[in-house]
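>>> structure for this input, please:
(chains A and B)
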Amino acid sequence: MSLIRRLDDLASLGRSPWHRASALGKLLLALLLVFASLASRALPAVLALQAIAWLLVLTAGLPWRLIVAAAAYPLFVAALFVGVTWGGPLEPHLVLLARPVTATLSMLWLIGTTPYPDLFAPLSRVLPRSLGDGLFLTYRALFDLLARAERLHQAQRMRGGDAAPAARRVVTTGEGLATLVVQGFERSQRLYAVMLLRGHSGRVCGCRHWAELGRDDVWVGLVFVAAVSAAVLLRGGA
Amino acid sequence: MLPVWLWGPAWGVAILLMIWAVRVQRGRPPQRIAYEGALGALMLVAMAVEVPLGPFEYHLTLAGALGMLLGPAGALQAAFIASTVLAFIGHGGLTLIGLNTLLLALAATVAAGTLPALARGREPAVAFSWATGIGHAVSGLAWLGLLALGARLRAEQLGLAPGTRTPWVLGIGAPFVVLGIVAEAAAGYGMARFIQRVRPDLLPSVARPREAAA
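Purely as a prediction, here's the structure:
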């Protein structure tokens, strides 16, 4: 979960042109890469889209360890699935392995270059109010609860919790998480009081500049055109 | 990995259920939305906590426990938000948000639905644990079924003998499901035991100790 915290820091502190581009353009490009990759059955098209995704993450200033960790998870799951259905021609298996990696890298690039208020703002406009608000409030609560969970885990280890039998460890983990339920409840009461003090109007609003296009959106536009061209020109007979 | 006709309708069903959940919960106080947000975040935190179980490290979901604490409608929204955030960091994928939400919500709904019957004559923590286990068993079986169906369809697509794939999927997936049921039930027991001692008013009314309910 330190992955989320790391990404959140990078999204706000990064200095690449992608960080300066608008959230709307980046969201559309990421969605294009995900769905074009899903729709393509030809290996050259899928590989070209993946190359674009790699280019995006490598030029966004994201640490390579983060990139490898993010790419390894879907690759592992896809490899398990390919292993279970192994047989026949090789190309469909390679396509199946490549697709989730492209999707993950695209989303990693998006969230690693876009602060969450910019990212959630367009989503909150299409979601029902309570869901949109819930998205913001969940994300806000996440880092606080995460830090508490890590401290609890450290305390548990220092007191020899790891040496306990497995059943005892899980029950203790449940008790530790229950402290976060209580904390979450009390936090929600405080948070609401703070929201009222700040003039909460009944809806959590995202920032307003998520759709403001700038000079750096030209790069996003160029990659968009390249991705569409790759998907169309390399689609083969499929 | 799963065909579009499987994840597409799952998205549709998840959206319909979400509309229902929003309607059912209309008029709830904003504090409740903040509480649901906090427990949605807790779901993500639980998924990050590694519980070492022998050679495996299990990641809890707390779906069953949250179903009992928030009710099915609240847990559905929390599951949707958690699945969306996970998809944004590349865990689960955009296309699978619907299916993941439904699987988590299934565990939550079954746990919340069975709790009243299980709470009769049992310690709240024990009833919580049983309900969590049952919820995750049903959800785990649905997950296994989806995996087996996905493998079968893919084998058919590739012109392979589809029947031979199912035992592999079940062989790999079933131990994880069993491990998940035991771990979630044990964690649910620990959660309920602690909340019962510290803030029994946060437990659902059917599972509160008598003195707290009165």
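
>>> ok, residue 104 - contacts?
Picking chain A for this. Residues near A:T104 by C-beta atoms under 8 Å, 6 or more residues apart in numbering or on different chains: A:70-71, A:73-74, B:90, B:93. No exception for glycine: its C-beta is placed from N, CA and C like everyone else's.

>>> switch to chain B, please.
Applying C-beta under 8 Å, 6+ apart, the residues near B:L104 are B:43, B:61, B:63, B:75, B:79, B:82-83, B:139.

>>> keep only the residues you listed that also lie close to chain A.
Taking C-beta under 8 Å from any C-beta of the partner chain as the test, chain A is in contact with B:A82 out of the contacts of B:L104.

>>> nearest to chain A, of the contacts of B:L104?
Nearest to chain A, judged by C-beta to the nearest C-beta, of these is B:A82 at 7.3 Å.

>>> quick check: phi and psi at the closest one.
phi -60, psi -40 (degrees, to the nearest 10).

>>> count the residues that sit near it.
B:A82: 30 surrounding residues under other C-beta atoms under 10 Å in any protein chain shown.

>>> sort the contacts of A:T104 by pLDDT and name the bottom one.
The lowest pLDDT within the contacts of A:T104 belongs to B:G90, with 66.

>>> and the next element down the chain from the longest helix seen in chain A?
Assignment by DSSP state H gives helix A:166-197 as the longest helix of chain A. Scanning forward in sequence from helix A:166-197 by DSSP states H and E, the next helix or strand is helix A:217-233.

>>> other SSEs contacting that following helix?
Helix A:217-233 sits against helix A:17-20, helix A:23-39, helix A:43-58, with contacts defined as 3 or more C-beta pairs under 8 Å, 6 or more residues apart in numbering or on different chains; DSSP states H and E.

>>> of these, which is nearest chain B?
Of the helices and strands packed on helix A:217-233, nearest to chain B by C-beta to the nearest C-beta is helix A:23-39, at 5.7 Å.

>>> state the helix or strand in which B:L66 lies.
Per DSSP H and E: helix B:63-88 holds B:L66.

>>> let me know the next secondary structure element after that helix.
helix B:97-119.

>>> quick one: average pLDDT of that next one?
94.

>>> could you give me the buried positions within it?
B:97-115, B:118-119 (16 or more other C-beta atoms under 10 Å in any protein chain shown).

>>> quick one: average pLDDT of the host helix or strand of B:V169?
Assigned by DSSP H and E, B:V169 belongs to helix B:166-198. Mean per-residue pLDDT for helix B:166-198: 89.

>>> between it and helix B:63-88, how many degrees?
Put simply, helix B:166-198 runs at 120 degrees to helix B:63-88, going by axes from the mean of the first three to the mean of the last three C-alpha atoms, to 10 degrees.

>>> just the buried residues of helix B:166-198, please?
B:166, B:168-170, B:173, B:177, B:179-196.

>>> what does stretch B:36-44 give?
By neighbour count on 16+ other C-beta under 10 Å, the buried set for stretch B:36-44 is B:36-44.

>>> contacting residues for the residue lying farthest from the centre of chain B?
Each residue of chain B has a distance to the centre, and by C-alpha atoms, centre = their mean the biggest one is for B:G159: 34.7 Å. Residues in contact with B:G159 (C-beta under 8 Å, 6+ apart) are A:G88.

>>> next, it: secondary structure please.
Following DSSP: H, G, I helix; E, B strand; the rest coil, we place B:G159 in the coil state.

>>> could you report the neighbour count for A:D8?
For A:D8, using other C-beta under 10 Å, the count is 18.

>>> list the contacts of the helix or strand containing it.
In the assignment (DSSP H and E), A:D8 maps to helix A:2-13. For helix A:2-13, contacts defined as C-beta under 8 Å, 6+ apart pick out A:19, A:61-63, A:66, A:69-70, A:108, A:111-116, A:142-143, A:146, B:44, B:85, B:89.

>>> report the buried residues of stretch A:33-52.
Buried-residue list, stretch A:33-52, by 16+ other C-beta under 10 Å: A:33-34, A:36-38, A:40, A:42-43, A:45-50, A:52.

>>> er, stretch B:137-145 I mean
B:137-140, B:142-144.

>>> from these, which land in helices?
B:137-140, B:142-144.

>>> out of the contacts of helix A:2-13, which end up buried?
A:19, A:62, A:66, A:70, A:108, A:111-116, A:142, A:146, B:44, B:85, B:89.

>>> nearest to A:F81, of those residues?
Of all these, A:A70 has the smallest distance to A:F81: 18.4 Å, by C-beta to C-beta.

>>> isn't the closest one right up against A:T102?
No: the criterion here is C-beta atoms under 8 Å, and A:A70 misses it with A:T102 at 11.9 Å.

>>> how is chain A divided into domains?
When chain A is parsed with automatic domain parsing, its domains come out as A:2-117+A:212-233, A:121-209.

>>> lowest average pLDDT across these?
Looking at the domains of chain A, the weakest mean confidence is domain A:121-209, a mean of 80.

>>> gap between it and the chain center?
18 Å (C-alpha atoms, centre = their mean, to the nearest Å).

>>> endpoints of it, how far apart?
This stretch, domain A:121-209, spans 9 Å end to end (C-alpha to C-alpha, to the nearest Å).

>>> any part of stretch A:165-180 near chain B?
Yes: against chain B, stretch A:165-180 shows contacts by C-beta under 8 Å from any C-beta at A:166-167, A:169-180.

>>> mark which of the residues you listed are buried, thanks.
Buried among these (16+ other C-beta under 10 Å): A:166, A:169-180.

>>> quick one: which of the residues you listed is nearest A:L191?
A:L180 (14.8 Å).

>>> and the contacts of stretch B:174-184?
Residues contacting stretch B:174-184 (C-beta under 8 Å, 6+ apart): A:170, B:51, B:53, B:56, B:58, B:60-65, B:107, B:132-133, B:135-137, B:140-141, B:143-144.

>>> helix or strand: which one has B:Y58?
Counting by DSSP H and E, B:Y58 is part of strand B:56-59.

>>> what residues of that strand count as buried?
So strand B:56-59, judged by 16+ other C-beta under 10 Å, has buried residues B:Y58.

>>> tell me which strands it pairs with, and in which orientation.
strand B:50-53 (antiparallel) (DSSP bridges).

>>> tell me the average confidence for the strand it pairs with?
Mean predicted lDDT for strand B:50-53 stands at 70.

>>> how far away from the center of its chain is it?
For strand B:50-53, the distance to the chain centre is 18 Å (C-alpha atoms, centre = their mean).

>>> what does that strand contact?
By C-beta under 8 Å, 6+ apart, strand B:50-53 touches A:162, A:166, A:169-170, A:173, B:57-60, B:179, B:183, B:187.
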